[in-house]
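[1] Give me a 3D structure for the following:
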Amino acid sequence: MIILDGGSGVRALQTDGSNASRIDILLSHLHMDHVQGLPFFPPLLDPEMEVHIWGPISTNRTLRERIARYLSPPLFPVRVRDLANVIFHDVVPGEFEIGPIQVTADLIAHPGSTLGYRLTEGSAVLTYMPDHEPALGNKSFPDSPEWTSGFQLADGADVLIHDAQYEDSEYETRVGWGHSSVSHLVAFAEMTQPGRLVTFHHDPSHTDSDLDELHERLMGRVVNGTEVVPGMAGLTIDV
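    Got it, this is the predicted structure:
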């Protein structure tokens, strides 16, 4: 079982009946909305479960030390050192394996050290870039692929889970915040040509109606046969 990020949703994730004795959590970065569920994820407190937490490397502290700043008093009563079944991995850009899954990690445009992940098993490919601003610093976006953040990770993926936070008008006042506008997402999808595009990291100020309208526009603009799938709780996709 591989889990992408550790936001509040992991608390409700059902691991019973999965027959898994090992769980791997791939953290894209350590902003609070991506790690706040970790202390409440039951397998972390289950000595029978081996939990591996992977996250971006830092120049001054290990991943374990950085997570320990959150998993310790006064923010939380349980300390990282009490979690004997948890193993931390500092990830540098490159490739590694988790069972039969080939994982490619690379830095992408978002404040702080942030990784995107490409997971491959056989011919099936899923790419995860929840917080991503591919047009940052590029006045002529889309530019050539080799100069586009995240291109190598997303190129030709069967499923691309990608940041879709802002309307174009909202993005104008939020350049550098680390998130994508609708137009930039369309351009990125046309460049990388995924089979399915799953919108993610919705702006919390957007209502369900706002998101419905956004997806209607996206479905009319993304070309190359890419299917646009609204990211929502409980969504299941076979890759």
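
[2] The residue lying closest to Gly6 once chain neighbours are set aside and Gly150, how far apart?
    Nearest non-adjacent residue to Gly6, counting by CB to CB, 6 or more residues apart in numbering: Leu38, 4.2 Å away. C-betas here are computed from N, CA, C, even on glycine. Relative to Gly150, Leu38 is positioned 25 Å away (CB to CB, to the nearest Å).

[3] go on, Ser123?
    21 Å.

[4] packing partners for the helix-or-strand element of the chain with minimal mean pLDDT?
    Least confident helix or strand, the chain: helix 208-221 with a mean of 86, by mean pLDDT, DSSP states H and E. Contacts defined by 3 or more CB pairs under 8 Å, 6 or more residues apart in numbering; DSSP states H and E place helix 208-221 against helix 182-192, strand 196-200, strand 227-230.

[5] Return the set of buried residues in the first one.
    If I follow you right, that is helix 182-192. For helix 182-192, the neighbour count (16 or more other CB atoms under 10 Å) marks 182-189, 191-192 as buried.

[6] go on, the shortest one?
    For strand 227-230, the buried set under the neighbour-count rule, 16+ other CB under 10 Å, comprises 228-230.

[7] Can you tell me which helices and strands it packs against?
    strand 196-200, helix 208-221.

[8] tell me the most buried of those?
    strand 196-200 (a mean of 22; mean count of other CB atoms under 10 Å).

[9] what does it contact?
    Outside strand 196-200, the residues that touch it by CB atoms under 8 Å, 6 or more residues apart in numbering are 130, 158-164, 185, 189, 214-215, 218, 222, 226-231, 235, 237.

[10] and the angle from that strand to helix 208-221?
    Using axes from the mean of the first three to the mean of the last three CA atoms, to 10 degrees, the inter-axis angle of strand 196-200 relative to helix 208-221 is 150 degrees.

[11] which secondary structure elements does the one helix or strand Leu153 maps to contact?
    Assigned by DSSP states H and E, Leu153 belongs to helix 151-154. Packing partners of helix 151-154 (3+ CB pairs under 8 Å, 6+ apart): strand 101-107, strand 115-121, strand 124-129, helix 182-192.

[12] Arg61: which of these is closest?
    strand 115-121 (16.3 Å; CB to CB).

[13] got the buried residues for the closest one?
    115-120.

[14] Now do it: which elements does it pack against?
    So strand 115-121, by 3+ CB pairs under 8 Å, 6+ apart, packs with strand 101-107, strand 124-129, helix 151-154.

[15] and of these, who's closest to Tyr171?
    Nearest of the helices and strands packed on strand 115-121 (CB to CB): strand 124-129, 16.6 Å.

[16] Residues in contact with the closest one: which ones?
    Contacts of strand 124-129 (CB under 8 Å, 6+ apart): 4, 26, 28, 108, 116-119, 150, 153-154, 156-163, 194, 239.

[17] ok, now which ones touch the nearest residue to Ser183 once chain neighbours are set aside?
    The shortest distance from Ser183 to any non-neighbouring residue, by CB to CB, 6+ apart, is to Asp168 (5.1 Å). Neighbouring residues of Asp168 by CB under 8 Å, 6+ apart: 181-183.

[18] pLDDT and distance to Ile67 added to those residues, as TSV?
    Output for those, formatted as TSV (pLDDT from 0 to 100; distance: CB to CB, whole Å):
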residue	pLDDT	distance to Ile67
Ser181	93	31
Val182	90	33
Ser183	91	36
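
[19] Same list (those) but as JSON lines, adding distance to Leu136.
    Shown next, in JSON lines, are the contacts of Asp168 (distance: CB to CB, whole Å):
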{"residue": "Ser181", "distance to Leu136": "11"}
{"residue": "Val182", "distance to Leu136": "16"}
{"residue": "Ser183", "distance to Leu136": "14"}
